[in-house]
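Trainee: Predicted structure and sequence below. I'll ask about it afterward.
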Amino acid sequence: MRYKNLTGEIKLYAVAGTQTVLLAFDIAEAKVKGTDFLGFSVEREDKNGDRIYLNGSKHFDSLMKDNTITDPKIKFTSLVQAFFWKDYLANPGEKYTYTVKAKYGTPINFKTKYENSITVTTEELHKGKHSVYFNYGVTGSQGYASNKEFGNKPVDELPPAIYKKALDYLSRELYNEGLMEFLNKAKTKKHSLYCAFYEIQFPAFIKELKEVKAKCKDLQIVYSGQSGQNKKPKDPKDEKGNLDSLKNAGLLSISHKRTKANQPHNKFMILCKDDKPIEVWTGSTNITLSGIFGQCNTGHWIKDAAIARKYKKYWDHLQQNPALGALSKTSEAIQPDADLAALEDGTYVFFSPRNLPAKTGVTPPQLKSYVDLIDKAEELVCMIFPFNYDEAFKKVYDKDRGYLRLLLFEKAEQAKTAKKNEKNDVDLKVTAGAVLKSKVETFVKEETAKKTVKGGILYVHNKFFLIDPLGNHPAVLTGSANFSNASITSNDENSLLIKGDARVADIYLTEFNRLFEHFWPRYLTILNNEKPKSQQKKEGFDKPLDEKYTWFTSYYDESSYHHKRGQLFIKMKEVKKG
């Protein structure tokens, strides 16, 4: 949901997802230029009247270094020195009022000159055709690392009660309100459940599947039979492979091994009632400890019988373990290739494999359609690359554009590659997964998902991109497929294209921003540490708040990233009074 309040000297804008709210502030340059404008204070009030400050964790150097100051309320004074801010502590379907005050003066003596408030209601978790779920995806975070009960330890070292608390915290609403709620709907004799899993190994989920089998009309599972998903761990505490997990649970008799794809990479479930497909669960989440509770992942629940029927048609062929060529014909019959930009608003599903036979050195038509859609953006593109950075995308992102492009990579080396040819392009921002490797001021050391949940992918495993999410016709492409040739021609995959749905776009945009902003200072720290000592400067976590009244100047430069980001909110469509 989008909101604005244009009364007063501070103009306020907000985009509310389910659990993240983005805030943008605008104030006339004449009100700050040549003044002692120090920053904004942001306060949130909930429906119960409880108030918290959202002023961040950065402080003023002059106060921190002054040994005569012993009052922590003064020493650790913090303000927001940005025209864009965010609330990561919101709950779904709740009303919040944000009060923003412009502060003028010195770090030790400042006062409010202007203020304004904006009231928003966050999106509900379960509503309408599409519901979207994200885990935290940041076990390497201050929230987990500084939690005294968790102790920044691997979850399997925690006592049972604390272990459960840790998983509830890390999964956010992805597991209980998402995956479990979906399974619970199948526990009647009127319902059937048809699944396709790349990795099906998390014991608690498999236990729930056993209960589904006992209570539903029919349960059938297609699973990856490839060696990578069927390893036998040396540590008895580790999750078993697909085959052993299903066998130990007594589910092998209703399971179908998929062997004829490069990667049987789907992660979806189809819910049927009275033998009619009605709903689908899909996304990027593998059913493993690290998939649900470690690296960031997405779950997408669709209540659309027409889309569910398409998934069921694909699944019916998939469970026969067909050759790639045969399944490709089914994929393309369900949804042929198309000019994605020309498609009307609505929901579309694209299955893989497709575009066969594949031509060496030629970008598959479906992948090229993604590139073409990105190339027609007008305001903003957001994209996550958990694995490879395909040449087709390098070509489009290597070109200077008039719109903003925000790219998030699993690995820092890929992020550097993406920025290499566009170092001076302020419209292209890249970041990558990272943790804080040592204590910095009030920030504690963090651990990656490799340690906390024995993850292979450490940071981001989501597979989605957004085109003009705040415009009249936002587009979201999401699903199981990494953006590669293999994901089109030789893997089993499914991808949803959702056009013109502001609710879906807002949820994905707010969560993308949460991830991008989380990793940004950590990535800057990596880049800074790679420089010679003489060239290093305070970046990311150790960069203090500005005391020279220059922090706001770039916002008023029309060519700057900060100005263009602000304009996205000022010009956004479908806005309510807040």
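Mentor: Here it is on my side, so go on.

Trainee: so where does the nearest residue in space to residue 272 that is not next to it in sequence fall, helix or strand?
Mentor: Once flanking residues are discounted, residue 272 sits nearest to residue 192: 4.3 Å by C-beta to C-beta, 6 or more residues apart in numbering. Using the backbone N, CA and C atoms, a C-beta is placed for each residue, glycine as well. In this assignment (DSSP states H and E), residue 192 forms part of strand 191-197.

Trainee: now residue 299
Mentor: According to DSSP H and E, residue 299 maps onto strand 298-303.

Trainee: Please name every helix or strand in contact with that strand.
Mentor: Contacts defined by 3 or more C-beta pairs under 8 Å, 6 or more residues apart in numbering; DSSP states H and E place strand 298-303 against strand 130-134, strand 276-283, strand 475-479.

Trainee: contacting residues around it?
Mentor: For strand 298-303, the external contacting residues (C-beta atoms under 8 Å, 6 or more residues apart in numbering) are 126, 128-134, 174, 178-179, 182, 278-285, 308, 347, 462-464, 478-479, 496, 511.

Trainee: please redo it, this time with the cut-off set to 7 Å
Mentor: 129-134, 174, 178-179, 182, 279-285, 462, 464, 478, 496 (C-beta atoms under 7 Å, 6 or more residues apart in numbering).

Trainee: What subset of those is buried?
Mentor: 130-134, 174, 178-179, 182, 279-285, 462, 464, 478, 496 (16 or more other C-beta atoms under 10 Å).

Trainee: Now name the helix or strand holding the residue of the chain most remote from its centre.
Mentor: What lies farthest from the middle of the chain is residue 68; by C-alpha atoms, centre = their mean that is 43.7 Å. Using DSSP H and E, residue 68 falls within no helix or strand.

Trainee: Repeat that for residue 115.
Mentor: Assigned by DSSP H and E, residue 115 belongs to strand 109-121.

Trainee: Name the residues of that strand that are buried.
Mentor: Neighbour counts over strand 109-121 (16+ other C-beta under 10 Å) mark 110, 113, 114, 115, 116, 117, 118, 119, 120, 121 as buried.

Trainee: Can you name every helix or strand that it contacts?
Mentor: strand 2-5, strand 11-16, strand 95-106 (3 or more C-beta pairs under 7 Å, 6 or more residues apart in numbering; DSSP states H and E).

Trainee: How far away from the center of its chain is that strand?
Mentor: Its chain's average C-alpha position is 29 Å from that of strand 109-121, according to C-alpha atoms, centre = their mean, to the nearest Å.

Trainee: likewise stretch 199-209?
Mentor: With C-alpha atoms, centre = their mean as the basis, stretch 199-209 stands 23 Å off its chain's centre.

Trainee: Mind exporting the C-alpha coordinates of it to PDB?
Mentor: C-alpha atoms of stretch 199-209 as PDB (Å, rounded to 0.1, in the frame of the first residue of the first chain):
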ATOM      1  CA  GLU A 199      15.200 -30.800  -1.900                       C
ATOM      2  CA  ILE A 200      12.800 -32.400   0.600                       C
ATOM      3  CA  GLN A 201      14.800 -33.000   3.800                       C
ATOM      4  CA  PHE A 202      13.700 -30.900   6.800                       C
ATOM      5  CA  PRO A 203      12.300 -33.500   9.300                       C
ATOM      6  CA  ALA A 204       9.600 -31.300  10.800                       C
ATOM      7  CA  PHE A 205       8.100 -30.600   7.400                       C
ATOM      8  CA  ILE A 206       8.200 -34.200   6.300                       C
ATOM      9  CA  LYS A 207       6.400 -35.200   9.600                       C
ATOM     10  CA  GLU A 208       3.600 -32.800   8.500                       C
ATOM     11  CA  LEU A 209       3.500 -34.400   5.100                       C
END
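
Trainee: what's in contact with that stretch?
Mentor: For stretch 199-209, contacts defined as C-beta under 7 Å, 6+ apart pick out 179-180, 183, 221, 223-224, 229, 239-242, 245-246, 249, 251, 286-289, 291-292.

Trainee: Can you select the buried ones from those residues in PyMOL?
Mentor: Buried subset of those, written as a PyMOL selection, criterion 16+ other C-beta under 10 Å:
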select buried, resi 179+183+221+223+224+229+239+240+241+242+245+246+249+251+286+287+288+289+291+292
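
Trainee: ok, the closest residue to residue 501 other than its chain neighbours to residue 92 distance?
Mentor: Spatially, and ignoring its direct neighbours in sequence, residue 501 is nearest to residue 130 (6.5 Å; C-beta to C-beta, 6+ apart). According to C-beta to C-beta, to the nearest Å, residue 130 stands 14 Å off from residue 92.

Trainee: Please save the CA atoms from the strand holding residue 115 in PDB.
Mentor: Output of strand 109-121 as PDB, limited to C-alpha atoms (Å, rounded to 0.1, in the frame of the first residue of the first chain):
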ATOM      1  CA  ASN A 109      22.100  20.800  21.300                       C
ATOM      2  CA  PHE A 110      19.500  20.500  18.600                       C
ATOM      3  CA  LYS A 111      15.800  21.200  18.300                       C
ATOM      4  CA  THR A 112      12.800  20.500  16.100                       C
ATOM      5  CA  LYS A 113      12.000  23.100  13.400                       C
ATOM      6  CA  TYR A 114       9.500  21.200  11.200                       C
ATOM      7  CA  GLU A 115       7.500  18.000  11.700                       C
ATOM      8  CA  ASN A 116       4.900  15.900  10.000                       C
ATOM      9  CA  SER A 117       3.200  12.500  10.500                       C
ATOM     10  CA  ILE A 118       2.000   9.800   8.200                       C
ATOM     11  CA  THR A 119      -0.300   6.900   9.000                       C
ATOM     12  CA  VAL A 120      -0.100   3.600   7.200                       C
ATOM     13  CA  THR A 121      -1.600   0.100   7.300                       C
END
